[in-house]
Every structure is written in C-alpha cells, then in structure tokens.
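*Asks:* heads up, no residue letters with this:
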C-alpha cells in the first residue's frame with residue numbers, strides 16, 4: 001500500500017474514533033482544525049514550498 005493510502009486509512013480510522021467518542025461536531029472540528037492550525041504555523045517560505053510540492057505531485 002502506498003504512503004498516501006496508509007494516511008487515508010489512518011484518517012478514516014481517526015474520524016470514526018473521534019465521531020464515536022466525542023460526537024460529530026467536536027470530531028469534525030478536530031479533523032479540520034488540527035491540519036489548518038498546523039498549516040498556519042508554518043513560515044511563509046515553508047507554505048510556498050508545500051504548495052509547490054503538492055502541485056508538482058498532482059502533475060501541474
């Protein structure tokens with residue numbers, strides 16, 4: 001299984017556990033909020049590099 005596949009499976013598993021334990025809205029807030037806060041904590045140069053790598057991987 002590829003690395004991105006493993007990450008997707010882990011994300012789905014985390015979502016199921018969060019929705020089951022803390023409720024739908026709290027789980028949704030955690031699943032969306034944690035990556036958003038992590039992205040905002042990056043320096044502008046790191047954000048630029050991350051955007052470039054993402055576009056390069058999808059074939060642009």
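*Replies:* Sure thing, it's come through. Note that the structure is a prediction, hence the values are computed from the model and not measured.
*Asks:* C-alpha only now, for contacts and for neighbours.
*Replies:* Noted.
*Asks:* run the chain-centre distance for the strand or helix carrying residue 33.
*Replies:* In this assignment (DSSP states H and E), residue 33 forms part of helix 24-40. Here helix 24-40 is found 8 Å from its chain centre; the criterion is CA atoms, centre = their mean, to the nearest Å.
*Asks:* cool, and stretch 15-25?
*Replies:* Offset of stretch 15-25 from its chain centre (CA atoms, centre = their mean): 16 Å.
*Asks:* now it: buried residues?
*Replies:* Within stretch 15-25, the residues scored as buried using 16 or more other CA atoms under 10 Å are 15, 18, 19.
*Asks:* ok, so of the residues you listed, who is nearest residue 5?
*Replies:* Using CA to CA, residue 15 is the member of the buried residues of stretch 15-25 that lies nearest residue 5, at 15.3 Å.
*Asks:* what pLDDT does that closest one get?
*Replies:* Note on residue 15: pLDDT of 83.
*Asks:* and what of the one 10 residues further on?
*Replies:* For residue 25, the pLDDT comes out at 86.
*Asks:* from the centroid of the chain, which residue is nearest?
*Replies:* residue 35 (4.9 Å; CA atoms, centre = their mean).
*Asks:* what's the distance between that one and residue 28?
*Replies:* Distance of residue 35 to residue 28, computed by CA to CA, to the nearest Å: 12 Å.
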